[in-house]
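Student: turn this into a structure:
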Amino acid sequence: MVAVKRSVGLLLNVAHALDHMFLLVFATAVTAIAADFGFADWESLMPYGVGAFMLFGLGSLPAGRLGDLWGRRPMMLVFFAGMGVSMLVIAATTNAWQLAGALTLMGLFSSIYHPVGIPMLVRGAARPGLTIGVNGLAGNLGVAFAAVTTGFLVKYAGWRTAFVVPGLFAIGCGIAFARLAPRNEPPPAHGARAARAEGSPPLARIFAIMTIAAISGSLLFNFTTNGNGELLRERLRGVVADPAMLGMLLAGVYVVASFAQIAIGLLIDRFPMKQLYLGVVALQAPLFVAAANASGWTLYALQIAFMVAVFGAIPFTDAMIVRYVDDRMRSRVSGMRLTVSFGVSSAAVWLLGPLVKAAGFATLLLVMAAVSAVTLAAIALLPASRRAPAGIIVTAAPPQSSRAAD
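Tutor: Okay, here's the model as predicted:
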């Protein structure tokens, strides 16, 4: 396998940043949008964004299938164009239901990246753990950019501009990708099948464990990234009030936490995956419990710590796909996993506003501690593994699994 060109790899990492950034612009600007649309509070508008996260999950299944059978390059072109145009549509909405429809459209295009862009990036990578870690860093820097750029644009140019500027940037990236990405590569499903390593665990077992862990991990990701801005606003009341400064502080949380993925990527290439995964996830529940009743700068420090643990767990599911699934069907397997995990975890976006309104952030943080315990239990079922050898560890699924994915 030939690794992707550096310029294409850079654009694929930028695409990951845009994917997560675009999904969180609404959550960051929700207070301003709610005021513009006549809502009494942000919690009442928040459920209108659930369609984006639902389609982010449900759209992954057809996106993964098309990525393997039609090609990853054309699917990424659809991603860049669709994301850019849908952000412009969001900016043009005038009421909550128009906004909900436009956000859902954006969610459909956002579903393309994970099952298509990540398999395209890791194909042929000499150090897949590091590649996944850098890609994860890029994705979570997108979360940070959503906080800081949206805060400034909302303050100085209005909430609509916060959607227009990144939308135009995505279209520009799509034009660059069209010029730089190789045109003649066959679809992955037409490639040669890799040899299956002796003693590899059944793909069905790995897929089940990976999906359970991904559901609970995605719930935590959605609860935190969609709620952190308002949590910070509430717990720093009387200390910091300026929305631009709050955006900078939140961006700082995400930047620091994002670098955990580089460290995890390097460790995945060197040490047994199960023990690493267990260690990272075991940190989450105590930190959520400690943050439940914290305020001021203590809360801010704990927010950084629990986001390090949440972001640090992200690379493991992609690393399992690289390790156990043949490239011919990685997009489909990834799409199936994402459809289930993000489809279920989209409930977090729908529940966030009503749950906080009824019970407060302390209860939400305790709920997240319980969810992290589910993740820990699922990871404990992973097969034990020796230290990973250098390079990609690829095993092909049995023939019947391949046919099922088709």
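
Student: what are the ranges of the helices in the stretch 251-400 of the chain?
Tutor: Using DSSP state H, counting those that start in this stretch, the helices of the stretch 251-400 of the chain run over residues 260-268, 273-282, 284-291, 296-312, 315-324, 330-345, 347-359, 361-379, 399-405.

Student: least reliable of the ones you listed by average pLDDT, please.
Tutor: With a mean of 34, helix 399-405 has the lowest mean pLDDT of the helices of the stretch 251-400 of the chain.

Student: re earlier: out of the helices of the stretch 251-400 of the chain, the one nearest Thr104 is which?
Tutor: helix 347-359 (11.7 Å; Cβ to Cβ). For glycine as for every other residue, the C-beta is placed from the backbone atoms N, C-alpha and C.

Student: how big is the angle separating that closest one from helix 361-379?
Tutor: 140 degrees (axes from the mean of the first three to the mean of the last three Cα atoms, to 10 degrees).

Student: now find how far off-centre helix 347-359 is within its chain.
Tutor: Relative to the centre of its chain, helix 347-359 is centred 20 Å away, using Cα atoms, centre = their mean, to the nearest Å.

Student: likewise for stretch 53-68?
Tutor: Using Cα atoms, centre = their mean, the offset of stretch 53-68 from its chain centre is 13 Å.

Student: just the C-alpha atoms of it, please, in PDB.
Tutor: The C-alpha trace of stretch 53-68 is given here as PDB (Å, rounded to 0.1, in the frame of the first residue of the first chain):
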ATOM      1  CA  PHE A  53     -25.900  14.700  15.300                       C
ATOM      2  CA  MET A  54     -28.400  12.100  14.400                       C
ATOM      3  CA  LEU A  55     -27.500  12.300  10.700                       C
ATOM      4  CA  PHE A  56     -23.800  12.500  11.700                       C
ATOM      5  CA  GLY A  57     -24.300   8.900  12.900                       C
ATOM      6  CA  LEU A  58     -26.900   7.500  10.500                       C
ATOM      7  CA  GLY A  59     -25.300   8.900   7.400                       C
ATOM      8  CA  SER A  60     -22.000   7.100   8.200                       C
ATOM      9  CA  LEU A  61     -23.400   3.700   7.000                       C
ATOM     10  CA  PRO A  62     -24.100   4.800   3.400                       C
ATOM     11  CA  ALA A  63     -21.000   7.000   3.400                       C
ATOM     12  CA  GLY A  64     -18.800   4.100   4.400                       C
ATOM     13  CA  ARG A  65     -20.300   1.900   1.800                       C
ATOM     14  CA  LEU A  66     -19.800   4.500  -0.900                       C
ATOM     15  CA  GLY A  67     -16.300   5.100   0.300                       C
ATOM     16  CA  ASP A  68     -15.300   1.500  -0.200                       C
END
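
Student: which other residues reach that stretch?
Tutor: The contact list for stretch 53-68 (Cβ atoms under 8 Å, 6 or more residues apart in numbering) reads 23, 75, 104-105, 107-112, 114-116, 119-120, 187-189, 222, 328-346, 348-349.

Student: need the helices of the stretch 251-400 of the chain in a markdown table (columns: distance to Leu130 and mean neighbour count).
Tutor: Formatted as a markdown table, the helices of the stretch 251-400 of the chain follow (distance: least, Cβ to Cβ, whole Å; neighbours: other Cβ atoms under 10 Å):
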| stretch | distance to Leu130 | mean neighbour count |
| --- | --- | --- |
| helix 260-268 | 5 | 21 |
| helix 273-282 | 14 | 20 |
| helix 284-291 | 24 | 21 |
| helix 296-312 | 15 | 21 |
| helix 315-324 | 10 | 25 |
| helix 330-345 | 18 | 25 |
| helix 347-359 | 30 | 18 |
| helix 361-379 | 21 | 19 |
| helix 399-405 | 27 | 14 |
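
Student: and those as a markdown table, adding distance to Leu18?
Tutor: Shown next, in a markdown table, are these (distance: least, Cβ to Cβ, whole Å):
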| stretch | distance to Leu18 |
| --- | --- |
| helix 260-268 | 17 |
| helix 273-282 | 26 |
| helix 284-291 | 27 |
| helix 296-312 | 17 |
| helix 315-324 | 18 |
| helix 330-345 | 17 |
| helix 347-359 | 19 |
| helix 361-379 | 26 |
| helix 399-405 | 28 |
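
Student: ok, now which ones touch Ala138?
Tutor: Here Ala138 is in contact with 13-14, 16-17 (Cβ under 8 Å, 6+ apart).

Student: of these, which belong to strands?
Tutor: Of the contacts of Ala138, none are assigned to strands by DSSP state E.

Student: could you pull out the strands in the chain for me?
Tutor: Going by DSSP E, the chain shows no strands.

Student: so where is it shaky, pLDDT-wise?
Tutor: 1-3, 189-201, 203, 346, 385-406 (pLDDT under 70).

Student: excluding residues flanking it in the chain, which one is nearest Gly158?
Tutor: Ala32 (7.8 Å; Cβ to Cβ, 6 or more residues apart in numbering).

Student: wait, the one you found touches Thr161, no?
Tutor: No: in this structure Ala32 lies outside contact range of Thr161 using Cβ atoms under 8 Å: 10.9 Å.

Student: these two: who's more crowded?
Tutor: Taking other Cβ atoms under 10 Å, Ala32 and Thr161 do not tie; Ala32 has more neighbours (20 against 17).

Student: returning to what we had before: how about the helices of the stretch 251-400 of the chain, which one is nearest Gly51?
Tutor: helix 347-359 (9.1 Å).

Student: tilt between the closest one and helix 330-345?
Tutor: Using the same axes, to 10 degrees: helix 347-359 against helix 330-345 is 20 degrees.

Student: ok, and what's touching helix 347-359?
Tutor: Residues contacting helix 347-359 (Cβ under 8 Å, 6+ apart): 41-47, 49-50, 52-53, 218-219, 222-223, 226-227, 230, 363-364, 367.

Student: and the helices in the stretch 1-150 of the chain?
Tutor: 6-36, 42-45, 50-58, 60-69, 72-91, 96-110, 113-122, 128-157.

Student: now tabulate these in a markdown table and tack on distance to Ile171.
Tutor: Below are the helices of the stretch 1-150 of the chain laid out as a markdown table (distance: least, Cβ to Cβ, whole Å):
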| stretch | distance to Ile171 |
| --- | --- |
| helix 6-36 | 11 |
| helix 42-45 | 27 |
| helix 50-58 | 19 |
| helix 60-69 | 19 |
| helix 72-91 | 4 |
| helix 96-110 | 12 |
| helix 113-122 | 16 |
| helix 128-157 | 17 |
